[in-house]
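In: Below are the sequence and a predicted model; questions follow.
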Amino acid sequence: MSRAALLVLADGRFPAGGHAHSGGAEAAVKAGRITSAAGLEDFCRGRLHTAGLVAGALAAAAVLGVDPRQLDAAADARTPSPALRSAARRLGRQLLRAARAAWPSPELDALGVQFPKGAHQPVVLGVAARSAGLAPEDAAYCAAYESVSGPATATVRLLSLDPFDATGVLARLAPELDRVADRAVAAARRALDEGVDALPAASGPLLEVAAEWHAAWPVRLFAS
Amino acid sequence: MHLDHTHDGPTAVSADAHRRDGSRRALRIGLGGPVGSGKTATVAALCRALRDELSLAVVTNDIYTREDAEFLLREAVLPPERITAVETGACPHTAIRDDISANLEAVEDLEDAVGPLDLILVESGGDNLTATFSKGLVDAQIFVIDVAGGDDIPRKGGPGVTTADLLVVNKTDLAPYVGSDLARMAADARTQRAGLPVVFQSLRGETGVADVAAWLRERLVAWSA
């Protein structure tokens, strides 16, 4: 294995479709909940400790070898919004394509056969990390970071926010990212023995509600 | 591309010329160019010109709406199931060049749903002069500019003008009204493009999209050979 594979997988330019999604930031901007770097930080903190934690645990569990079908069902159960489920599956399918090119493996091929229209993105992320020889911690970090880096990049475009301020927000969240990744991996290890019910089920209801609202807009910059 | 590739994988990961079942996939042609140069009008005209002789489909990449897809639907140039809109997150050139995964899915899903197809037109959202399509997404690309955007655009060059497989200079009927020198545009394009073809077109004129349609037919013959 090569730890440097994590840099490839976590790179914002990894061609897996993330650039077209705002992680809920577009709806939050329109609703007036993000108007500044401070608002972005609050939004990202909320998303990190809810959607980010769940995604990190799902990804880490996939690295540990928990059955992707069970993890995908667990992700569905933790995603009430049909719009978010659909976005997560689209992103999972796109990530699978890139991962199969980067780290070809029978497990990634099997995932494509089981889920021709895509598994939830964090599940694919975990199997991709596993195929790249990475550790559960790596996948958890990757998922948790994506949960905040996506909204930060999108907000730079949506509000013409100063990109240095947006990067500062991400840097200030780093210690919390460490803690979320630790909790995600601990939960994933429990899931190995106790089943997927041991995975966290933290949710941000406003993210789910706003995703449904956003999906119905006729004019928008981001797909979710 | 992958001439010795086996086709037992669940999905193609690249621009493989064959589909999963081993059949040859549709020819994919990208149409890019600045905002308002007439990409969607050209796509609509091509659909009308070719739909009776070919099985075709269209993927649009709008910047922030489904407007281009809806225009094509309203004009009824193709049945709705043959038109797909891809959302690009404010960044059309990313979706056609740097991260083509959503567009690849759209073309593959179209072939699965309404195939077999001969031709898929992938239209970019209006962008700048550097926006070109990835070779992983399309087999050839058309760059559409117009005379009203300034007759110095061919001279300025840029990847779209210099490297596109076909350069279309659109709206030639407007040239006298905006003071554009078509002869100068043609000479500059020749200099920039080292022998690559250029079509001057007015969709309001008698020939309409015929030259571009003829170029596409040649491409199709080469693709299916």
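Out: Structure received. Numbers count the residues shown, from 1 in each chain, chains lettered A, B, ... in the order given.
In: quick one, strands of the chain?
Out: You didn't say which chain, so I picked chain A. With DSSP state E as the definition, chain A shows no strands.
In: that's the wrong chain, I meant chain B
Out: Counting by DSSP E, the strands of chain B are B:27-32, B:56-62, B:83-87, B:119-123, B:140-146, B:166-170, B:198-200.
In: The ones you listed: which one's closest to chain A?
Out: Relative to chain A, the nearest member of the strands of chain B by CB to the nearest CB is strand B:83-87, separated by 3.9 Å. No exception for glycine: its C-beta is placed from N, CA and C like everyone else's.
In: List the strands paired with the closest one, with their directions.
Out: strand B:56-62 (parallel) (DSSP bridges).
In: Now find how far off-centre the partner strand is within its chain.
Out: 9 Å (CA atoms, centre = their mean, to the nearest Å).
In: For that strand, output the C-alpha coordinates as PDB.
Out: Presented in PDB, the C-alpha positions along strand B:56-62 are these (Å, rounded to 0.1, in the frame of the first residue of the first chain):
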ATOM      1  CA  LEU B  56     -29.500  10.100 -32.500                       C
ATOM      2  CA  ALA B  57     -29.600  11.700 -29.000                       C
ATOM      3  CA  VAL B  58     -28.400  14.900 -27.300                       C
ATOM      4  CA  VAL B  59     -26.800  15.700 -23.900                       C
ATOM      5  CA  THR B  60     -26.900  19.300 -22.800                       C
ATOM      6  CA  ASN B  61     -24.700  20.900 -20.200                       C
ATOM      7  CA  ASP B  62     -26.500  24.000 -19.000                       C
END
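In: Now render the strands of chain B as a markdown table, adding mean pLDDT and distance to residue B:19.
Out: Shown next, in a markdown table, are the strands of chain B (pLDDT from 0 to 100; distance: least, CB to CB, whole Å):
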| stretch | mean pLDDT | distance to residue B:19 |
| --- | --- | --- |
| strand B:27-32 | 97 | 12 |
| strand B:56-62 | 93 | 14 |
| strand B:83-87 | 91 | 17 |
| strand B:119-123 | 97 | 12 |
| strand B:140-146 | 97 | 19 |
| strand B:166-170 | 97 | 26 |
| strand B:198-200 | 97 | 31 |
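In: Can you redo the ones you listed as JSON lines, where the extra columns are mean neighbour count?
Out: Shown next, in JSON lines, are those (neighbours: other CB atoms under 10 Å in any protein chain shown):
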{"stretch": "strand B:27-32", "mean neighbour count": "27"}
{"stretch": "strand B:56-62", "mean neighbour count": "26"}
{"stretch": "strand B:83-87", "mean neighbour count": "22"}
{"stretch": "strand B:119-123", "mean neighbour count": "26"}
{"stretch": "strand B:140-146", "mean neighbour count": "25"}
{"stretch": "strand B:166-170", "mean neighbour count": "25"}
{"stretch": "strand B:198-200", "mean neighbour count": "19"}
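In: which residues sit in contact with the residue nearest to the spatial centre of chain B?
Out: By CA atoms, centre = their mean, chain B has its centre lying nearest to residue B:31, at 2.2 Å. By CB atoms under 8 Å, 6 or more residues apart in numbering or on different chains, the contact set of residue B:31 is B:39, B:42-43, B:121-124, B:141-142, B:144.
In: mind redoing it with 10 Å?
Out: B:37-40, B:42-43, B:46, B:58, B:60-61, B:96, B:121-124, B:133, B:138, B:141-144, B:164, B:166, B:168, B:212 (CB atoms under 10 Å, 6 or more residues apart in numbering or on different chains).
In: Same question for residue A:210.
Out: Going by CB under 10 Å, 6+ apart, residue A:210 touches A:24-28, A:30-31, A:33, A:81, A:83-84, A:204.
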